[in-house]
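Colleague: no sequence on hand, only this structure:
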């Protein structure tokens, strides 16, 4: 993608640029791979590894072999923020998104707005998520697809809309519809879906309004943020020997009042972060911190571009071509957030940063996003 910001020519950036040009780690020679943040290395690979599809490691510490891209347009979806190059995932997840788009459309949701999935080879990202590293996570916007195909520029600039009341932790009934509930129901109904992360206010709304079958509510897990989109995670494939699963969600609906009391009276209340005595520079994951097979994924030959996308089940579908700029890893840092206002998201981030992991009772264990 076309870069919109300049970046210092650090050793890590020089190595990432060399990788983007198709050189191996050994041939790049600009810096040792173990001296460079893994996010720089994985973001520099524009295409997936030509390997058997395999998620490797854990959702927040791993990589993806044999990833495949969801097409930027499908009959019932559009992919957003294309500059990030995060429309790649394990084939099981990409097919599930395709299938969910059909079910949701038939039940009143006018197509999916698809946010981040994973990078072509997974791994840590330059911006945003701590998870989404093994191709088994996807963010889906809490707003249906418009009645027309968006341009590349519109997909970069269009904002998602929060489903919460302004300045509130609770769902705005003027924005929330039965179709929102049904979309989450269809998503949670897949046996492969391990959990779905939503804002605690969304979880509370579901607990108060869902009638009839409520067993699926257990998969809907309250978490910071996630009121502009929801995060869907599937389980490790059965043949993925190097994929580490997350512990199952606790039994029950997860609608206990004590859970909401904790979220609304404590966890979501903005706190002033404690200042450390001596500021420490954050240490980013290095390639050596990831499972050993990830080095091979990073080095592997790339899939040919024409073979990198999912073949649609609806072969007759076509959409206007999008003029996609040339891939440029540096442009990822300039990508716009999905939300209309950053204030609520920043408050969530500050609260999450100030809350010790051990003090969070739900979800169990606390997922990362």
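Modeller: In hand now; what should we look at? Keep in mind it's a predicted model, so treat the numbers as computed, not measured. Numbering: from 1, shown residues only.

Colleague: pLDDT of stretch 337-351, averaged?
Modeller: Here stretch 337-351 scores 59 as its mean pLDDT.

Colleague: where exactly do the strands run in the stretch 151-300 of the chain?
Modeller: Ranges of strands in the stretch 151-300 of the chain, per DSSP state E, counting those that start in this stretch, are 193-198, 220-222, 229-234.

Colleague: element containing residue 103, please.
Modeller: helix 91-106 (DSSP states H and E).

Colleague: burial measure for residue 166, as a count.
Modeller: Per other C-beta atoms under 10 Å, the neighbour tally for residue 166 reads 9. Just so you know, the C-beta spots here come from the backbone N, C-alpha and C atoms, and that holds for glycine as well.

Colleague: report the contact partners of it.
Modeller: Contact analysis of residue 166 by C-beta atoms under 8 Å, 6 or more residues apart in numbering lists residue 172.

Colleague: got phi/psi on it?
Modeller: Dihedral angles of residue 166 (phi, psi; degrees, to the nearest 10) stand at phi -60, psi 130.

Colleague: do you know the pLDDT at it?
Modeller: For residue 166, the predicted pLDDT is 93.

Colleague: residue 278 too?
Modeller: Note for residue 278: predicted pLDDT of 70.

Colleague: what of residue 40?
Modeller: Note for residue 40: predicted pLDDT of 95.

Colleague: is it true that it lies in a helix?
Modeller: Yes. Membership of residue 40 in a helix is supported by DSSP: H, G, I helix; E, B strand; the rest coil.

Colleague: if we can go back for a sec, contacts for the helix holding residue 103?
Modeller: 53, 66, 68-70, 74-77, 89, 111-112, 114, 117, 135-138, 140, 182-183, 186-187, 190, 192-193, 234, 237, 310, 312-313.

Colleague: okay, the strands of the stretch 151-300 of the chain in a markdown table with mean neighbour count next?
Modeller: Formatted as a markdown table, the strands of the stretch 151-300 of the chain follow (neighbours: other C-beta atoms under 10 Å):
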| stretch | mean neighbour count |
| --- | --- |
| strand 193-198 | 22 |
| strand 220-222 | 24 |
| strand 229-234 | 24 |
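
Colleague: let me know the angle separating the helix holding residue 103 from strand 193-198.
Modeller: Here helix 91-106 points in a direction 60 degrees away from that of strand 193-198 (axes from the mean of the first three to the mean of the last three C-alpha atoms, to 10 degrees).

Colleague: thinking again about what came up before, show me which of the contacts of helix 91-106 are buried.
Modeller: By neighbour count, with 16 or more other C-beta atoms under 10 Å, the contacts of helix 91-106 hold 53, 66, 68-70, 74-77, 89, 111-112, 114, 117, 135-138, 140, 182-183, 186-187, 190, 193, 234, 237, 310 as buried.

Colleague: fine by me, thanks again.
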